[in-house]
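Asker: Pasting the sequence and the predicted coordinates here, then a few questions.
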Amino acid sequence: MAGLELLSDQGYRLDGRKATELRKVQARMGVFAQADGSAYIEQGNTKALAVVYGPHEVRGSRSRTLNDRAVINCQYSMATFSTSERKRRPHGDRKSTEMSLHLKQTFEAAVLTNLYPRSQIDIYVKILQSDGGNYSAGVNAATLAVIDAGIPLRDYVCACTAGFVDETPLTDLCHAEESGGGTSLAMALLPRGGHIALLQMDARLHQDHLETLMEAAMTACKSISKVLDQVVRQHLQEVSALTGE
Amino acid sequence: MLKSKTFVKKTRSGGVMKIVREHYLRDDIWCGTEGCVECKQEETVLQKDVHIESNLCSFPHYLLPDTNVVLSQIDILEDPLIKNVIILQTVLQEVRHRSAPIYKRLKDILHDKEKHFYTFTNEHHRDTFIEREPGESANDRNDRAIRVSAKWYSDHLKKALSEEEIQIVLLTNDRGNKEKAVESGLLTYKCEEYVKSLIANPELVDRLALTDDDKNEITSSKVLFPEHLPLSRIQAGIKSGAFQQGTFRASRDNYLEATVFVHGEGDQSTEVLIQGLQNLNRSVHQDLVAVEILPQNQWVAPSSVVLQDEGPKEDDATEEVEAEKTLKSAAGGAESRKPTGRVVGIIKRNWRPFCGMLFLSQIKEATRHLFTPADRRIPRIRVETRQAATLAGQRIMVAIDGWPKHSRYPNGHFVRSLGCAGDKDTETEVLLLEHDVPHQDFSQTVLSFLPKMPWSITEEDMAVREDLRHLTVCSVDPPGCTDIDDALHCRDLPNGNQEVGVHIADVSHFIRPGNALDQEAANRGTTVYLTGKRIDMVPELLSSNLCSLRCNVERLAFSCIWEINDKAEIVKTRFTKSVINSKASLTYAEAQMRIDDTNMNDEITKSLRGLNSLAKILKRQRIEKGALTLSSPEVRFHIDSETHDPIDLQTKELKETNSMVEEFMLLANISVAQKIYDEFSECALLRKHPAPPPSNYDILNTAAKSKDLVIHTDTAKALADSLDAAQVDGFPYFNTLLRILATRCMMQAVYFCSGMDSDFHHYGLASPIYTHFTSPIRRYSDIIVHRLLAVAIGADSTYPDLMDKHKQSALCNNLNYRHKMAQYAQRASVAFHTQLFFKNRGIMNEEGFILFVRKNAIIILIPKFGMEGTVFFENKNKPSPKLTFNQEATTLTVEGHTFNMFDKVKVTISLDASNIQHQKIRMSLVEPVILGVSVAPSEDNQPKAKKAKLDG
């Protein structure tokens, strides 16, 4: 048997989407009361939770304190039950350390850290169920959580993955598409200015294709930003209704 | 662009893993029907006016076949008559799982605009998606999905088409499915019923594959073969080591014998011998089979008898038993026994349509006939046809449908007719098909990528290219050559060195990567030269005009320029894209005449002389390094310009200038190989020639021993030296014969991608690295090498596939396959023309040499025609003479006369046309005279005079 046909001649992907269509996104803000900010997102079958504490005093060693801006501390982890095979995931394995670092870079670019000198912001991201695009779900959840915490951002940070099959860019890859070989490019974008906060790609891709692939990823990020914006507005309406304003 | 809100989780468990996938259902999948008012589609595939006349369905209708119909009746679907068919996604996916070749064919049909085949993505349509119910098997679910979709379609068409009513006809061969479909109010027919109902197209019925239902009527009930094991048992057996898996290769000479090539790990590939019909167990050449090795005491030696399956004796068991007996008695001594096995099951059939001829049944009204394939390794096939009378004497194509265990021959069906047998065009078509040579005319899409005429070199081209128009460049080629891809120049430099340039047609300028023209060329791989016909790799406009470096026109070239000192050492190498203007297109003979004629002293001649003297030094150096000079008899036909029949035949002569051109081409290839490998160590396309394993030299060694000579085969150098030393007094042709044998010991040279292999050595040329750069018009490998080199010197940009070593390695595999097939096709074409020649000539007497000695025959080479033939000493109708075969010394004693290898014999040659399909050259012995074996020389007046030539 040959491998999976990722893109049919009629232009449909494995799960029935077209090449540039995203998965169904559902999100909720303020899911935990104790944290300063929290959010939950579902992108298809990928489900992520993000929690934000801060800004607060720098804990632990004082030496990490920065005098001109806030320190951003990120921790990424995957639940033991997040994949089809239950696996113990110790803290600080290489994959999650790398992801933590990516998240940190992304949010350092987006949060207005200079407003909070000598303080710290903690962002915790947990993947509850994994079906491809863990990083982007994590970033999107974290954006909502940061907004929920009331921390000023330059813009929404929206992330999306894009792959390349049969000379066609596919956006928002699911697990089968990610593992089906080929490239996967993850992009975090500040959509309004079109600034790229993070761009990451492991597999090989010919430079001729990079342009189209980035183009597709950007469009996808922008669509995500629209969805996130709606979620934020709806949340605000609900909250303001509750407080009776 | 609506995304459906409802989504269904699809659970698929394989092993322990549970995979959850999203499954989106859409409401924007259209029906593809012309004139549909409900669907907002931009393009329609299915026509509004459906014209197909059928007894069963007199109304316009679309066909909707189920999976089994597609799998078994793909030939019917391919027929141009069948149009407007809906292929469901469910069907397409099932076909993809079940059979890759049929899937490929189905995709080809779907892409064909003329056929109006529409793929309906029913699995993602909101109304046609169904979930598997508890207790329902996957197959039943798919059948139901097909019925639901068919129902949806017929309802939809009723609503959506205002004026005309088009109905849906479901084709299924499954009885249960049909009943359920009829219940739900669908029009359903069996495929055969439907095809038979088509008016005015009775020949389509012949193309129907035989399905399970009527299989029993065509065969007797007697079980002839053991049952094949199911796949699960085979897999278990292979795992435990009880069975071996390998490719089945039938023997060309003996229909009761075959070998299975078992791919082991690393170098552990072995061959398993299979003997006897029962053990062969319905395997067909090239199938992937599972074999069981028999206990050692049942091992046999490969027989050296030649056995052909004679006549269509229906399931005649006695004949087989007898033939097998001869096989047994012919088996050699215990020491030559080989691992022997029997086929227990088929892992994968590798059937393709076969060319051949119909062998009419003796019963006049019979509709079942035996079909004899042109390839002797394929068994006869039983076909059912009503047009036997018209098909007799024609070459036809037949596909195998199956081989039940109680049938002596496989069952098949007629696919198409190629034309009259013996006709030159038909025969050429057959040999092209049999060797899988793509030979259709170039399609319009391919031609659309050709440059527009009139074409000329533009300013931009000139700006990026070196202007070498002032150089005295000339080309040297065989006479009548129109695709000139190389030209040379040579001039003295002020510092006493010489500048030599090899200019190669810049085909990669015209063929841009990835377009249809490029893909077509990549698929063809090579130009195929047949006798009197050329199948081009690129369209003629390029091959014979724009790329051909003809004289006195400006052409784009890719040049490799060296500075060479008088010891023929390279001082400097340079590659550049250039523009040249060749001053002369010479033939080998013309160039030779210019060099030899001391009165001529023009630029061209001087340049040629310079090249020639350098070439001689280069050649000497190469031979010192251990390059081999091998020999294979090549022939040339003189073709009558009117009738295109061969009128004379002669072996090709080699002149000094041939080797001059060759020397510089080798040099250019080696230089380029080095350059592209330095630049792209992972993805350079190179060519290697592996050293043959020592056992390959066995025949050469025994042959030399018979003349008390020793051939050293340890290294290429030793082999070259001992071949040079091997001379027998008074037998000048002996050395050539020995070289012919040495050629047969060699391995095939192959293309490969440098990132996928570590051994680059070219054994025959004694070069550590080699590639093909010099013939981009006729070889695709050279185009790739051109592109790599162009990137390396910054003259062109790269593209993704060029840098992908896996894609490149896949390309190499195709090129190797095409080259091999092209070679076989070439040989087959020469053989066919040799036959034509002898057909016109009648019987001739010739002298020849014994090349091999077999148990019941000797194989003779006729140097004059470069032709081989077999003299049999056994005859069906006559009692055989007394034969004694000595395996050690490879001699055969016939009635007291002993034949050794290399003995000179005299034979008569005639054309045996008794079997019109396999017309063959028959040779019979004239000298030495052996009573009851040899024949009297035929009355022939010419041969005497010619004989003197070949001894010289």
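Answerer: In hand now; what should we look at?
Asker: Could you pick out the residues of the stretch 101-250 of chain B near chain A for me?
Answerer: Neighbours of chain A within the stretch 101-250 of chain B, by C-beta under 8 Å from any C-beta of the partner chain: B:107, B:110-111, B:119, B:121, B:123-124. Bear in mind the C-beta positions are built from the backbone N, C-alpha and C, glycine included.
Asker: Name only those of these that count as buried.
Answerer: B:107, B:110, B:119, B:121, B:123-124 (16 or more other C-beta atoms under 10 Å in any protein chain shown).
Asker: how about the residues of the stretch 101-250 of chain B next to chain A in TSV, adding secondary structure and pLDDT?
Answerer: Below are those laid out as TSV (DSSP: H, G, I helix; E, B strand; the rest coil; pLDDT from 0 to 100):
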residue	secondary structure	pLDDT
B:Lys107	helix	88
B:Leu110	helix	89
B:His111	helix	86
B:Thr119	strand	92
B:Thr121	coil	91
B:Glu123	helix	88
B:His124	helix	89
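Asker: residue ranges with poor pLDDT in the stretch 251-400 of chain B?
Answerer: Scanning the stretch 251-400 of chain B for pLDDT under 70 picks out the ranges B:264-269, B:303-336, B:361-366.
Asker: Where does it get nearest to chain A, which residue?
Answerer: B:Lys348 (11.8 Å; C-beta to the nearest C-beta).
Asker: Likewise for chain B?
Answerer: B:Pro800 (3.2 Å).
Asker: tally of neighbours for the closest residue to that residue other than its chain neighbours?
Answerer: Nearest in space to B:Pro800, with sequence neighbours left out and distances taken as C-beta to C-beta, 6 or more residues apart in numbering or on different chains, is A:His206 at 3.2 Å. Look at A:His206: counted by other C-beta atoms under 10 Å in any protein chain shown, it has 15 neighbours.
Asker: Figure out how far whatever helix or strand B:Ile146 lives in is from the centre of its chain.
Answerer: Per DSSP states H and E: B:Ile146 is located in helix B:138-160. A distance of 42 Å separates the centroid of the chain from that of helix B:138-160, by C-alpha atoms, centre = their mean, to the nearest Å.
Asker: Report all helices and strands that that helix contacts.
Answerer: Applying 3 or more C-beta pairs under 8 Å, 6 or more residues apart in numbering or on different chains; DSSP states H and E, we find helix B:138-160 packed against strand B:61-65, strand B:85-88, helix B:89-98, strand B:167-171, helix B:175-183.
Asker: Other residues contacting it?
Answerer: B:31, B:33, B:36-39, B:62, B:64, B:66-67, B:86, B:88, B:90-91, B:94, B:120, B:122-123, B:125, B:127-130, B:132-133, B:136, B:165-168, B:170, B:172, B:174, B:177, B:180-181, B:184-187 (C-beta atoms under 8 Å, 6 or more residues apart in numbering or on different chains).
Asker: got a list of what residue 130 touches?
Answerer: You didn't say which chain, so I picked chain A. With contact taken as C-beta under 8 Å, 6+ apart, A:Ser130 is in contact with A:46, A:78, A:82-83, A:175.
Asker: um, chain B though
Answerer: B:141, B:144-145, B:148.
Asker: Model confidence for the residue most central in space within chain A, exactly?
Answerer: When C-alpha atoms, centre = their mean is applied to chain A, the residue found nearest the centroid is A:Val139 (2.3 Å). Per-residue confidence (pLDDT) for A:Val139: 96.
Asker: Quick check: it touching A:Val157?
Answerer: Yes: using C-beta atoms under 8 Å, A:Val139 is in contact with A:Val157, at 5.8 Å.
Asker: Could you measure from B:Met593 over to B:Thr259?
Answerer: Separation of B:Met593 from B:Thr259 (C-beta to C-beta, to the nearest Å) stands at 52 Å.
Asker: Which residue of these two possesses the greater neighbour count?
Answerer: Per other C-beta under 10 Å, whichever of B:Met593 and B:Thr259 has more neighbours is B:Thr259, with 19 against 15.
Asker: got the contact list for the nearest residue to that one once chain neighbours are set aside?
Answerer: Nearest in space to B:Thr259, with sequence neighbours left out and distances taken as C-beta to C-beta, 6+ apart, is B:Glu271 at 4.7 Å. With contact set as C-beta under 8 Å, 6+ apart, B:Glu271 has these partners: B:259-262, B:338-339.
Asker: In a strand, B:Glu271, correct?
Answerer: Yes: assessed with DSSP: H, G, I helix; E, B strand; the rest coil, B:Glu271 lies in a strand.
Asker: for chain B, what are the nearby residues on chain A?
Answerer: Going by C-beta under 8 Å from any C-beta, the residues of chain A near chain B are A:1-2, A:5, A:8-10, A:12, A:14-18, A:21, A:23-24, A:44-45, A:84-85, A:131, A:174, A:176, A:204-206, A:208-209.
Asker: pLDDT weak spots in the stretch 501-650 of chain B?
Answerer: Using pLDDT under 70, the flagged stretches of the stretch 501-650 of chain B are B:630-650.
Asker: whoops, I mixed them up, chain A
Answerer: Looking at chain A by pLDDT under 70, you get A:1-3, A:181, A:244-245.
Asker: For chain B, what's its nearest residue on it.
Answerer: Residue of chain A nearest chain B, by C-beta to the nearest C-beta: A:His206 (3.2 Å).
Asker: quick one, phi/psi of that residue?
Answerer: Backbone torsions of A:His206, given as degrees, to the nearest 10, read phi -70, psi 140.
Asker: Surely it and B:Met803 touch.
Answerer: Yes: applying C-beta under 8 Å as the test, A:His206 and B:Met803 come out as touching, 6.5 Å apart.
Asker: what about B:Ile82, neighbour count?
Answerer: Using other C-beta under 10 Å, B:Ile82 is surrounded by 22 other residues.
Asker: cool, and B:Asp698?
Answerer: Other residues lying near B:Asp698 total 11 when counted by other C-beta under 10 Å.
Asker: Pretty sure it sits in a helix.
Answerer: Yes: with three-state DSSP as the criterion, B:Asp698 is located in a helix.
Asker: Report the separation between it and B:Cys745.
Answerer: B:Asp698 sits 8 Å away from B:Cys745, going by C-beta to C-beta.
Asker: swap in B:Leu71?
Answerer: Going from B:Leu71 to B:Cys745 by C-beta to C-beta gives 45 Å.
Asker: Over to A:Gln43?
Answerer: According to C-beta to C-beta, A:Gln43 stands 64 Å off from B:Cys745.
Asker: ok, those two, which is more surrounded?
Answerer: In this view A:Gln43 and B:Cys745 are compared by other C-beta under 10 Å, and A:Gln43 has more residues nearby, 28 against 20.
Asker: Show me what that one is bridged to.
Answerer: Residues in a beta bridge with A:Gln43, per DSSP bridges, are A:Val25, A:Thr46.
Asker: quick one: it and A:Ala137 touch, right?
Answerer: Yes: using C-beta under 8 Å, A:Gln43 makes contact with A:Ala137 at a distance of 5.0 Å.
Asker: Now for B:Val791: which residues touch it?
Answerer: Contacts for B:Val791 (C-beta under 8 Å, 6+ apart) come out as B:679-680, B:797-798, B:802.
Asker: same deal with B:Ser283?
Answerer: Per C-beta under 8 Å, 6+ apart, neighbours of B:Ser283: B:248, B:250, B:258, B:274, B:289, B:343, B:346.
Asker: try A:Val51
Answerer: Contacts here follow C-beta under 8 Å, 6+ apart; on that basis A:Val51 touches A:32, A:35, A:37-38, A:123-124, A:145.
Asker: Check for me that A:Leu213 belongs to a strand.
Answerer: No: in this structure, A:Leu213 is helix, not part of a strand, as judged by three-state DSSP.
Asker: burial count for B:Met923?
Answerer: By other C-beta under 10 Å, the residues close to B:Met923 number 25.
Asker: which residue ranges form the helices in the stretch 751-900 of chain B?
Answerer: Taking DSSP state H, counting those that start in this stretch as the criterion, the stretch 751-900 of chain B contains helices spanning B:780-792, B:805-841.
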